[in-house]
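Chemist: fold the following for me, if possible:
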Amino acid sequence: MKNPLKKSRIPDSKVFVVQELIAPYFDKNWHFHPEYQLVVILKGRGTRYIGDHIKPFKEGDMVMTGPNLPHVWRSDNAYFDPANELDTHLIVAYFPENFLGEGIFEKEEFEDIGRLMKASARGLEIAGKTNQEITSKMKKLVQLKGSSQLIQLLDILNHLSHSKDISPITNAEYINLNKESEKDRMGEVYEYVMKNYKEKIMLEEVAALANLSVSAFSRFFKSRANKSFSDFISDVRISHACKLLHEEGINISEVCYESGFNTLSNFNKQFKERIGKTPLAYRKEYLDSFE
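Modeler: All right, here's what the predicted structure looks like:
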């Protein structure tokens with residue numbers, strides 16, 4: 001059986017690492033690392049967690065993250081059943097802040113890229129024409145070797161640094177307060193919610209999973225996720241609802257209950273609060289964009 005995708009460290013012999021990876025599902029472990037990361041999803045669907053932000057992802061999703069920004073691309077549950085014969089495909093590049101030498105991005109020639117790298121502390125979503133152009137460049141990056149590969153990476157970063165198709169992901173006030181030793185604890189909580197968001201989730205059960213009292217867990221989670229645990233669950237459910245609303249063959253009531261909401265009125269209220277429009281208006285806008 002194939003193994004899920006794993007993150008690679010940059011060896012001492014390399015300036016940066018770029019990989020093209022194919023596996024049954026993406027690495028489901030919530031994590032952070034000291035390297036910058038640029039990733040494009042070529043195949044696969046699920047939910048993307050970056051800092052305090054949750055959003056569905058699909059083919060074409062492209063994101064740049066700065067050092068130690070927590071993230072995970074969690075594949076939909078269907079990918080974890082071998083009987084479905086699903087797989088995922090991505091290209092990812094990891095590079096350290098000093099991959100060209102200390103202080104290089106403070107120099108005049110690299111000011112634009114330096115600003116891009118600072119902005120990536122919030123995570124950057126890359127869309128539009130830039131997304132298409134950088135995807136093509138990333139595919140070429142995988143094939144190159146030696147100095148040509150490094151020059152291609154610089155070309156990609158330079159292109160991104162002048163693009164208007166980039167938007168920040170996390171809230172401006174988000175700060176990663178997670179410790180290396182807490183990765184497993186937070187990862188278990190995220191994974192539990194992703195497996196059980198359609199059911200009623202008891203705070204006592206999740207607190208016990210984290211080996212904390214209910215009050216201690218509530219404080220711990222809010223300080224790390226920049227939101228309460230109940231808001232986090234609602235965001236996960238709304239994210240799933242958005243994916244379902246992209247399909248025409250499922251009605252709003254089915255979307256509501258399939259996403260873990262008990263009443264249609266509560267679903268409509270929370271959806272509008274978070275998305276800014278009703279589920280029906282969201283679906284219409286999404287489907288109209290393909291006409």
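Chemist: contact partners of the host helix or strand of Gln132?
Modeler: Counting by DSSP states H and E, the element that carries Gln132 is helix 128-143. Counting by CB atoms under 8 Å, 6 or more residues apart in numbering, helix 128-143 makes contact with 18-20, 38, 40, 42, 60, 62, 91, 93, 126, 149, 152-153, 155-156, 159-160, 163-166, all of which sit outside it. In this view, the C-beta of every residue, glycine as well, is placed from N, C-alpha and C.
Chemist: with stretch 165-176 instead?
Modeler: Stretch 165-176 is contacted from outside by 32, 50-53, 63, 68-70, 119, 122-131, 160, 226, using CB under 8 Å, 6+ apart.
Chemist: and the residues you listed, which of them are buried?
Modeler: Among the contacts of stretch 165-176, those classed as buried by neighbour count (16 or more other CB atoms under 10 Å) are 32, 50-53, 63, 69-70, 119, 122-126, 130-131, 160, 226.
Chemist: which positions in the host helix or strand of Glu254 come out as buried?
Modeler: Following DSSP H and E, one finds Glu254 within helix 252-258. Applying a neighbour-count criterion of 16+ other CB under 10 Å, one finds 252, 255-256 buried in helix 252-258.
Chemist: ok, back up a step: dump the helix holding Gln132 to CSV, keeping only the CA atoms.
Modeler: Listed in CSV are the C-alpha atoms of helix 128-143, where the atom choice follows Å, rounded to 0.1, in the frame of the first residue of the first chain:
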residue,chain,number,x,y,z
GLY,A,128,-6.4,34.2,-11.7
LYS,A,129,-3.9,34.4,-14.5
THR,A,130,-1.0,34.4,-12.1
ASN,A,131,-2.1,31.0,-10.8
GLN,A,132,-2.1,29.5,-14.3
GLU,A,133,1.3,31.0,-15.2
ILE,A,134,3.0,29.9,-11.9
THR,A,135,1.5,26.4,-12.3
SER,A,136,3.3,26.1,-15.7
LYS,A,137,6.5,27.4,-14.1
MET,A,138,6.2,25.0,-11.2
LYS,A,139,5.9,22.1,-13.6
LYS,A,140,9.0,23.2,-15.4
LEU,A,141,10.8,23.8,-12.0
VAL,A,142,10.5,20.1,-11.2
GLN,A,143,12.2,19.1,-14.4
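Chemist: tell me the pLDDT of the residue of the chain most remote from its centre.
Modeler: When distances to the mean C-alpha position of the chain are computed (CA atoms, centre = their mean), the maximum falls on Glu108, with 31.9 Å. Per-residue confidence for Glu108 comes out at a pLDDT of 90.
Chemist: repeat that for Ala207.
Modeler: Note for Ala207: predicted pLDDT of 94.
Chemist: isn't it up against Val214?
Modeler: Yes: taking CB atoms under 8 Å as the contact criterion, Ala207 and Val214 are neighbours in contact, 4.7 Å apart.
Chemist: which one of the two has more residues nearby?
Modeler: Looking at Ala207 and Val214 with other CB atoms under 10 Å, you find the greater number of neighbours at Ala207, namely 20 against 14.
Chemist: just the element for the closest residue to the more buried one other than its chain neighbours, please.
Modeler: Of all residues not flanking Ala207 in the chain, Phe217 sits nearest, at 3.8 Å (CB to CB, 6 or more residues apart in numbering). Phe217 is part of helix 214-225, with elements assigned from DSSP H and E.
Chemist: averaged pLDDT, that helix. What do you get?
Modeler: 93.
Chemist: quick check: Ile275 vs Gly51, distance?
Modeler: As defined by CB to CB, to the nearest Å, Ile275 lies at a distance of 19 Å from Gly51.
Chemist: could you do Glu180 as well?
Modeler: Distance, Glu180 to Gly51, by CB to CB: 17 Å.
Chemist: go on, Lys272?
Modeler: Lys272 sits 24 Å away from Gly51 when distances are taken as CB to CB.
Chemist: equivalent analysis for Leu153, please.
Modeler: In this structure, Leu153 and Gly51 are separated by 24 Å, where distance is defined by CB to CB.
Chemist: and the helices in the stretch 51-200 of the chain?
Modeler: Read by DSSP state H, counting those that start in this stretch, the stretch 51-200 of the chain holds these helices, from start to end of the chain: 111-119, 128-143, 146-161, 183-196.
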